[in-house]
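Engineer: show me how the following folds:
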Amino acid sequence: MKVVILAGGFGTRISEESEIMPKPMIEIGGMPILWHIMKGYAWYGYTDFIICAGYKQAYIKQWFADYYLNTSDVTFDFSDGQSRMTIESSSVEPWKVTVADTGLYTMTGGRVKRIQKYIGNNRFMLTYGDAVCDVDVGRLVDYHKTHGKIATLTSVVRSQD
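Structural biologist: So this is what the prediction gives:
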């Protein structure tokens, strides 16, 4: 099952950061929010992601383009006048990531419609690109399948401790 992540908004509520990069790319502990969300789904075995990009999408695409190289030990060999690069080892995640241009001003439903070619008529999960939370995705999917409904909505309420 694919995981669709909405990452195309302007991030206006955090404009001091989103002026530079899209909100899902703001770092927590040295990695983008988007990466943390994906790690959460991957924990449960969901590693096929479609990112609905819009605002500053080049930033997201570039981050993923550089991800493999930046998580690898690399040898650059120019010793004989040639230019060779060898990946010695890598700690990259085993993910498939499609970053889709869903438009700059497209609303949520329109973004999902624009990625239909990647999901077909299959079930998929949908989340926002800033929705970092601790949800048992395995139990959530089981619940959805056993109840036979078209959609299951999960919300997370912040504790008032």
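Engineer: what pLDDT does the model give the residue positioned nearest the centre of the chain?
Structural biologist: Closest residue to the average C-alpha location of the chain: residue 34 at 4.6 Å, with Cα atoms, centre = their mean. Looking at residue 34, its pLDDT stands at 96.
Engineer: show me the contacts for residue 84.
Structural biologist: 76-78 (Cβ atoms under 8 Å, 6 or more residues apart in numbering). Heads up, the C-betas are built off the backbone N, CA and C, glycines and all.
Engineer: which of these sits closest to residue 93?
Structural biologist: Comparing those against residue 93 with Cβ to Cβ places residue 76 closest, at 23.8 Å.
Engineer: hang on, the closest one in a helix?
Structural biologist: No: Residue 76: not assigned to a helix; according to DSSP: H, G, I helix; E, B strand; the rest coil it is strand.
Engineer: that older thread, contacting residues for the nearest residue to the residue nearest to the centre of the chain once chain neighbours are set aside?
Structural biologist: Of all residues not flanking residue 34 in the chain, residue 24 sits nearest, at 4.0 Å (Cβ to Cβ, 6 or more residues apart in numbering). Residue 24 sits next to 5, 7, 32-34, 37, 51, 60, 129-130 when contact means Cβ under 8 Å, 6+ apart.
Engineer: so which residues of the chain form strands?
Structural biologist: Applying DSSP state E to the chain gives strands spanning 2-7, 27-28, 31-32, 48-53, 72-77, 84-90, 96-101, 124-128.
Engineer: which of these sits closest to residue 65?
Structural biologist: strand 96-101 (9.4 Å).
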